[in-house]
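**Q** build me a model from this:
(chains A and B)
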Amino acid sequence: VLAIGKPIAAATEGDKDYAGVHEAQLPEIFSTNPTDFSKVRALDIPTWKHALGWLSGAAGVQLPEDAIAHVAEKLHTTFPKALREVLKHDASKGGQAFSGMLLLLLGNITAALKPLNSQGAEIVKRLKSVATTEQVCAVMARVESGIRADLAEIKQVLERIAASQVRQLPVPDDFRWIIEDKTKGFVGREFVFDAIEELFQQQRKGYFIIEGDPGMGKSSILAEFVRRNDCIVYFNQRNEGITRAEQFLRSVCIQLIEGYGLSHSKDIQPENTRNSNFLSQLLNEVSGRLKSGERLVIAVDALDEVDLSSQSAGANVLYLPGVLPDKVYFIVTKRPLPPDQLPLQVKDKRLFDLMQYPARNQEDVEAYIRQRINGVGALAFVPLQEWIKSRGGSEEEFVSTLVEKSEGNFMYLRYVLDDIEKGAYPNLEIRDLPSDLQDYYYKHWERMGMNAKPLFKIKIVYILSESPVPIPFEEIIAILEADGEEERGLAVKVQAILDEWMQFLREEEKYGQTFYSVYHSSFRDFLRNERTVKRAGITLQGIIEMMANSM
Amino acid sequence: MGKLAESLNRLPAGSRLYRLQTRPQLLAQSCQADRLFELLTDFDFIEAKVSHPDINLQELIEDYDRAFEPEVLISGEKAETLKIDSRGTSAVSPRFG
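**A** Sure, this is the predicted structure:
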């Protein structure tokens, strides 16, 4: 590449397709739309190949195909690293280049804001995408002399906002991986975030209840909301053993006490985890401290995964308060369940049923599939583009087939696309892909030879799905041994079965052991389904008895 | 040291935690009332669970609640004893903690 650098510079001089980048254009690498930030990606290999082809063409140099491919691959991995190094280098010298870019960008934003003539929300929204308000204030303070009048005006607004800004609420360690995992490849869903914002604007307090079937992306929406906003967080997870009201009250109360510096001990008394009194007291205290324009938001995922036997009968799920103090909002998600199965009697609520927005869901599903086709998948064993091409299909056909089959279910898409990329469907036509999420699970079940009722395999899969909390590998072995399985070679055999089902499992290392749990509740639904249980030739009761007998 | 404490102590830390956390629930779910009763009146179990740094006292209290779930058909007599125990555990817990 270095060798052809000079000829390129010469050859491209005066070429209208090639224009050098000027300093004033640098801010354009930033978007003023905060949601675009998550879309920033390193160039993929095909794009690098294209660029190299164009460059060598412009320089009149003939490069062999495999050399271009090799260089493209190298650039794909080293370029982002090099860019990071450049930024680091700049930062170590006081970040002059970066600050300069920031100022230019600020100028652009000011210009864009003038016609809008709106302060507050819009300014904050745009600035948040650039840097924190404090950072921007600091940069602006350095260039105070000679500042234009409109900049000074915005600065005042910013300082008011910075002063009244809610402190950054940290996400508890237990939930970090969920947020990272669930927001990977996140696309769209703006209509949900708009509806939440509308609630904030129209009501002084309240519950925003997101309802949808398993796999529709409720948890991802909540995780993305948490990523973008300062709020208190809680994720119920049946498969991780996070199901009890006591755990919820403890975690949320500690987050409130820490986040808002309330004068209570962080050792929550057991009696304060058996009803909503203490939580309500803390909510009142925080509400009283909030200035006008501030609010407290508590995001709680998967109310349907709460173990209702862990709380008093008749109470709201998780003891959620029926009445909230002003400026306090709960954003919760749940499957559609009748009130007798999920008690939630609250005032000021707004129900948001994801299923009522088929067109918007379809748009987002389409965007997700296209992102997968054109994104990082280029590194996959079987890139989606190649899989489609080798079937004589078109991207359009593939997208429309999957949109139809998925019925708005992102879990289905994630599994099927992953499987294609792993090479699991070498002989399948596009139209023969699984018809929905449950069918997808069944096809995997079939492929793993489960219909022949291999008892050993079946026991392992059901131990995983019935375990109340993630189970250490050694405990799976202990249960099987107590159930009469031969000890010799048992660990190797169990590991082989776990590997067959790994895409549905979560693996976690703690206490020096490896723990396994089911990744998504829809897989557990599939296993517990009457038809599957019958096919397996077992009873759930029998599995639980076997698990209880290992001690 | 009782038999239960010995067998628990032989296990790696993660397995020990798993058994302390899940045993009562699995026994209750499989309606093995007698074994659940035995476990909830075994002081080795109570002490191990109370003194485990990663388990909250409330979790143990909820184990006793399980014994009173309708599906767990514990005979009235035994259930009475457990009720006393349930209150007692909560009151004496600092001794183990």
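**Q** contacts, neighbours, all on C-alpha from now
**A** Fine.
**Q** break down chain A into its strands, ranges please.
**A** Ranges of strands within chain A are A:206-211, A:232-235, A:296-301, A:328-334, A:349-353, A:471-472, A:505-510, A:513-518, based on DSSP state E.
**Q** and the angle from the fourth one to strand A:206-211?
**A** What it means is strand A:328-334. Between strand A:328-334 and strand A:206-211, the angle comes out at 10 degrees (axes from the mean of the first three to the mean of the last three CA atoms, to 10 degrees).
**Q** mean confidence for strand A:328-334?
**A** Taken as a whole, strand A:328-334 carries a mean pLDDT of 96.
**Q** any idea how far that strand is from the middle of the chain?
**A** 17 Å (CA atoms, centre = their mean, to the nearest Å).
**Q** what strands line up against that strand, and which way round?
**A** If you go by DSSP bridges, strand A:328-334 pairs up with strand A:206-211 (parallel), strand A:296-301 (parallel).
**Q** deepest of those, which one?
**A** Counting by mean count of other CA atoms under 10 Å in any protein chain shown, strand A:206-211 has the highest mean neighbour count of the strands paired with strand A:328-334, with a mean of 22.
**Q** what does that one contact?
**A** Here strand A:206-211 makes contact (CA atoms under 8 Å, 6 or more residues apart in numbering or on different chains) with A:196, A:199, A:218, A:324, A:328-336, A:346-355.
**Q** one more time with 7 Å, if that's ok
**A** A:196, A:324, A:328-336, A:348-354 (CA atoms under 7 Å, 6 or more residues apart in numbering or on different chains).
**Q** output it as PDB, nothing but the C-alphas.
**A** C-alpha atoms of strand A:206-211 as PDB (Å, rounded to 0.1, in the frame of the first residue of the first chain):
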ATOM      1  CA  GLY A 206     -46.600   6.900  36.000                       C
ATOM      2  CA  TYR A 207     -46.000   3.400  34.700                       C
ATOM      3  CA  PHE A 208     -45.100   2.600  31.100                       C
ATOM      4  CA  ILE A 209     -45.900  -1.000  30.600                       C
ATOM      5  CA  ILE A 210     -44.300  -2.700  27.500                       C
ATOM      6  CA  GLU A 211     -46.100  -5.800  26.600                       C
END
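**Q** centre of the chain to that strand, how far?
**A** Distance, centroid of strand A:206-211 to centroid of chain: 19 Å (CA atoms, centre = their mean).
**Q** report the angle between the axes of it and strand A:349-353?
**A** Going by the same axes, to 10 degrees, strand A:206-211 makes 20 degrees with strand A:349-353.
**Q** average pLDDT across strand A:206-211?
**A** On average, the pLDDT along strand A:206-211 is 95.
**Q** got it, and stretch A:82-99?
**A** 75.
**Q** buried residues in it, which are they?
**A** Within stretch A:82-99, the residues scored as buried using 16 or more other CA atoms under 10 Å in any protein chain shown are residue A:99.
**Q** now swap in stretch A:445-464 and tell me
**A** Buried residues in stretch A:445-464 (16+ other CA under 10 Å): A:450, A:457, A:458, A:459, A:460, A:461, A:462, A:463, A:464.
**Q** nearest to chain B among these?
**A** Chain B lies nearest to residue A:463 out of the buried residues of stretch A:445-464, by CA to the nearest CA, at 11.5 Å.
**Q** how close does the residue of the stretch 201-350 of chain A at minimum distance from chain B get to residue A:422?
**A** Closest contact between the stretch 201-350 of chain A and chain B, by CA to the nearest CA, is at residue A:270 (6.0 Å). Using CA to CA, to the nearest Å, one obtains 48 Å as the distance from residue A:270 to residue A:422.
**Q** ok, now residue A:414?
**A** The gap separating residue A:414 from residue A:422 is 12 Å, by CA to CA.
**Q** also residue A:543?
**A** Residue A:543 is 32 Å from residue A:422, by CA to CA.
**Q** higher neighbour count, those two?
**A** residue A:543 (20 against 15; other CA atoms under 10 Å in any protein chain shown).
**Q** could you list every residue that touches that one?
**A** A:462, A:463.
**Q** kindly report the same for residue A:475.
**A** For residue A:475, the contacting residues are residue B:15, by CA under 7 Å, 6+ apart.
**Q** follow-up on the earlier one: which among the contacts of strand A:206-211 count as buried?
**A** Buried among those (16+ other CA under 10 Å): A:196, A:324, A:328-335, A:349, A:352-354.
**Q** let me know the closest of these to residue A:310.
**A** residue A:334 (18.0 Å; CA to CA).
**Q** run a quick neighbour tally on residue A:360.
**A** Neighbour number of residue A:360 under other CA under 10 Å is 18.
**Q** next one: residue A:488
**A** Residue A:488: 9 neighbours (other CA under 10 Å).
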